[in-house]
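Enquirer: Pasted the sequence and its predicted model underneath.
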Amino acid sequence: MSGLTYPAKFTAGSDGRVLVEFIDLPRVATDGKNQHEAMEEAIDALGSDLSIRLSRREAIPIPSAAKRGQRLVPVPLWLAPKLALYLAMRDREVNNSELARRIGVHERVIRRMLDPEHASKVGRIQSALAALGKQMTVEVRDVA
């Protein structure tokens, strides 16, 4: 997975509020008083759902490509590195103990890196991703 963004349908209601429904996460929906607030709420709802899935070690749906009329919602920055690590570990079939051995730390350090509630150091997550053949980058782009 290269980017951690999920497609969503933004629909304006007759009352002016904007409903957001995620294509790959049918149980996740939110709304906002306008497009800007709807996007902020969508990012928050996406982060909440994915952090629960991560803490439960559940499967994380792979985002589909956005279709016409859909917008991409990014995974919140506080969660994206942890989610990338979790997905890389699952993809490479590497468990906590094996990753800990590869980067020379105790297994509890890996558990903390995967804990959405723990404030992990990004540099440590970068090292763990590198041990799995992944590189983390940050992208900043203009808002449409």
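Expert: Sure, I can see it. On a predicted model such as this, the values are computed, not experimentally measured, just so you know.
Enquirer: Quick check: residue 31 touching residue 44?
Expert: No. Using CB atoms under 8 Å, residue 31 is not in contact with residue 44; the gap is 11.7 Å. Quick note: C-beta positions are derived from backbone N, CA and C, even for glycine.
Enquirer: Who has more neighbours out of the two?
Expert: Higher neighbour count among residue 31 and residue 44: residue 31, with 18 against 13, using other CB atoms under 10 Å.
Enquirer: Neighbouring strands - and their directions - for the lengthiest strand in the chain?
Expert: Ranked by number of residues, the top strand in the chain under DSSP state E is strand 5-12. Using DSSP bridges, strand 5-12 pairs in its sheet with strand 18-22 (antiparallel), strand 70-74 (antiparallel).
Enquirer: can you put these in TSV and add mean neighbour count and mean pLDDT?
Expert: Output for the strands paired with strand 5-12, formatted as TSV (neighbours: other CB atoms under 10 Å; pLDDT from 0 to 100):
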stretch	mean neighbour count	mean pLDDT
strand 18-22	19	97
strand 70-74	18	95
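Enquirer: among those strands, which is nearest residue 60?
Expert: Smallest distance to residue 60 across the strands paired with strand 5-12 (CB to CB): 12.7 Å, for strand 18-22.
Enquirer: Can you give the distance of that closest one from its chain's centre?
Expert: Relative to the centre of its chain, strand 18-22 is centred 18 Å away, using CA atoms, centre = their mean, to the nearest Å.
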